Every structure is written in structure tokens, then in C-alpha cells.
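> predicted model and sequence below, questions to follow.
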Amino acid sequence: MTSSQPRVGILGGTFDPVHVGHLAVGEAACGALGLSEVLVIPSRHPPHRRTEPEASGYHRFAMVALAIADKPSFVANDVELLADSWSYTSVTLGRLHQAAFDAWQLFFITGADAFAEIATWKDYPAVLDLANFVVISRPGHPVEALPGRLPTLRDRMIMRQTAGPDDGVGPADRTKIWLVDAPTPDVSSTEVRRLAGAGRSLEGLVPPAVEQYMMRHHLYR
Ligand code: ATP
Ligand code: MG
């Protein structure tokens, strides 16, 4: 594949529910790495675990689709919800390789809180060779802390603000960990669920269409 091939972002998460922080993370990654599209992939979870999502995969996917309806470069993707087993990033990236993407073209996007736990992920450290990783600061979790927190990965980390030509992303380049210090809103799905359960307004925290969907379907009550 040549360097004119698209660069595809992958934003995985529980999205229980999707909120404005997720959208900001995807946009920050697009701006910093020149991504042509972002696949938003709600994860499937093992049943009867403490971390089981409150809303079903159907509702979580529907809310993602509503949240990105006016964002043409974002695409809701059901690969993990349709899978036979629960979600591992390495498996999802392997599926994308089968769908004809090379590792250098793929950019797995996470917040700095999630990436700080990378050593606990299935297939670590091999998973880091399956895609570039784009790590975005989250309030309380600056990307600047990551080289100190993950010293064995320090050599693969590069601070990045805006995309440019000849930026070290091409078929001959090893995948990297791009650290992006972009401001994102201080919102979490946990906080959105808490406010929804208390019957409070979610204005500014989730897109209006998502708030309406949550109310109509009595989610998180
Ligand atoms: P929960 O409170 O249920 O854990 P969450 O808000 O952390 O929800 P997730 O679905 O767990 O949302 O997150 C998906 C991805 O989005 C993760 O990589 C997470 O780090 C990132 N993320 C979520 N919110 C933000 C934010 N405000 N700023 C930066 N990254 C974020
Ligand atoms: Mg989270």
C-alpha cells in the first residue's frame, strides 16, 4: 500500500453512553494525525461481570449513531457487538488487517487513563505492533505523565499536535504511540449515568439527540 492510502482511526469503548468527551477525542486524533475517518466501535462485554454495561449493546450502538449523525468522518461499526466472544482490541485489529488494512494505516485512539493500563491488555506488547496508538489527554490524566509511567514504551512515544507531510507514518515505518495533549471536556459516562439516574439535565454533556433517546427509552433510571 502507498502513503496515499487512507489513515483510519478506531475509537473503541463501552459508550454507556457516548458523550461529548468521546467526540472530542476522535476530533483531536483526526486533527493531530490527519485521519480520513474514525470507526466508533462499541465493545461487547462478558455477562455477569461487575463491569457489565447498564445499557444493551443495541442501545449503546443507537446512541453512538445519533451522536455522530452530523459528523461525516465518524462511522459507527458493529464488529465487536456482532462477534462470538467479548471484545479484545488485538482481535478487532486482526479483523481489520483481514479487511485489507495494514498496521501503519490504523490508529487506535484512547484516552490517557485507558492507555495507562495497556500492560494489562490481552496480547500486550504485541498489540502495539497491530496499529499506531493515538493517546489523548483526559482531565486529570495528562499524556505527559505516560513516558514516566510506562518507561519501557518511552522510545515509541512521540508528542504530536498537528498533522504534516513526511510525519513518519508510512508502509516502511514501525507503528508508534502518538501522544496528543488536546483539551477534552471533563465528562465521563459514569457521571452521565449518575446525573440521568437523578433526573438531572445532561445539557452540554451528551448531544441533544442522545439525551432525548435516553429519556424516551428510560435508560439509566
Ligand atoms: P466510564 O465512566 O463508564 O468508564 P468513559 O467516560 O471512561 O466511561 P469509555 O467508554 O470507558 O468512557 O471510554 C472510551 C474511550 O474514550 C477510552 O479510551 C477513554 O479513555 C476515552 N475517553 C472518554 N472520555 C474522555 C475524555 N473526557 N477525555 C479523553 N478521553 C476520554
Ligand atoms: Mg472509562
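Received it, and whenever you're ready, just let me know what you need. Ligands and ions are numbered 1, 2, ... in the order given.
> neighbours of A198, just the number please.
Number of residues near A198 (other CB atoms under 10 Å) recorded here: 9. C-beta here means a position set from N, CA and C on the backbone, and glycine is covered the same way.
> would you enumerate the residues in contact with it?
Under the criterion of CB atoms under 8 Å, 6 or more residues apart in numbering, A198 has no contact partners.
> quick check: mean pLDDT of stretch 34-52?
Regarding stretch 34-52, the rounded mean pLDDT is 86.
> in that stretch, what's buried?
Using 16 or more other CB atoms under 10 Å as the burial criterion, the residues of stretch 34-52 that qualify are G34, L35, E37, V38, L39, V40, I41, P42, S43, R44, H45.
> make TSV out of those and add distance to G13 and secondary structure.
Converted to TSV, the buried residues of stretch 34-52 look like this (distance: CB to CB, whole Å; DSSP: H, G, I helix; E, B strand; the rest coil):
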residue	distance to G13	secondary structure
G34	22	coil
L35	17	coil
E37	17	strand
V38	12	strand
L39	12	strand
V40	8	strand
I41	8	strand
P42	7	strand
S43	7	coil
R44	12	coil
H45	11	coil
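> contact residues of the protein facing ligand 1?
13-16, 21-22, 25, 110-111, 113-114, 136, 138, 184-185, 187-190 (CB under 6 Å from any ligand atom).
> please redo it, this time with the cut-off set to 8 Å
Among all residues of the chain, those adjacent to ligand 1 (criterion: CB under 8 Å from any ligand atom) are 11-16, 18-22, 24-25, 43, 109-115, 136-139, 141, 184-193.
> local confidence estimate at the closest residue to T110 other than its chain neighbours?
In space, and not counting its chain neighbours, T110 is closest to V135: 5.7 Å by CB to CB, 6 or more residues apart in numbering. We note a pLDDT of 98 for V135 in this prediction.
> doesn't F107 make contact with V135?
No - the criterion here is CB atoms under 8 Å, and V135 misses it with F107 at 10.5 Å.
> between those two, which contacts overlap?
Counting by CB under 8 Å, 6+ apart, the common neighbours of V135 and F107 are W178.
> for the longest helix anywhere in the chain, name the packing helices and strands.
Of all the segments of type helix in the chain, defined by DSSP state H, the longest one is helix 20-33. Contact partners of helix 20-33 among helices and strands, from 3 or more CB pairs under 8 Å, 6 or more residues apart in numbering; DSSP states H and E: strand 8-13, strand 37-42, strand 106-111, strand 132-136, strand 177-180.
> how about a cut-off of 10 Å?
Other elements packing on helix 20-33 under the criterion 3 or more CB pairs under 10 Å, 6 or more residues apart in numbering; DSSP states H and E are strand 8-13, strand 37-42, helix 57-67, strand 74-76, strand 106-111, strand 132-136, strand 177-180, helix 189-197.
> among these, which is nearest Y88?
Across the helices and strands packed on helix 20-33, the minimum distance to Y88, taken as CB to CB, is reached by strand 8-13, at 10.0 Å.
> so in that sheet, which strands flank the closest one, and in what orientation?
Strand 8-13 has its sheet partners listed here by DSSP bridges as strand 37-42 (parallel), strand 106-111 (parallel).
> what residues are up against V75?
V75 is in contact with V8, G9, E37, V38, L39, V40, I41, V64, A65, I68, counting by CB atoms under 10 Å, 6 or more residues apart in numbering.
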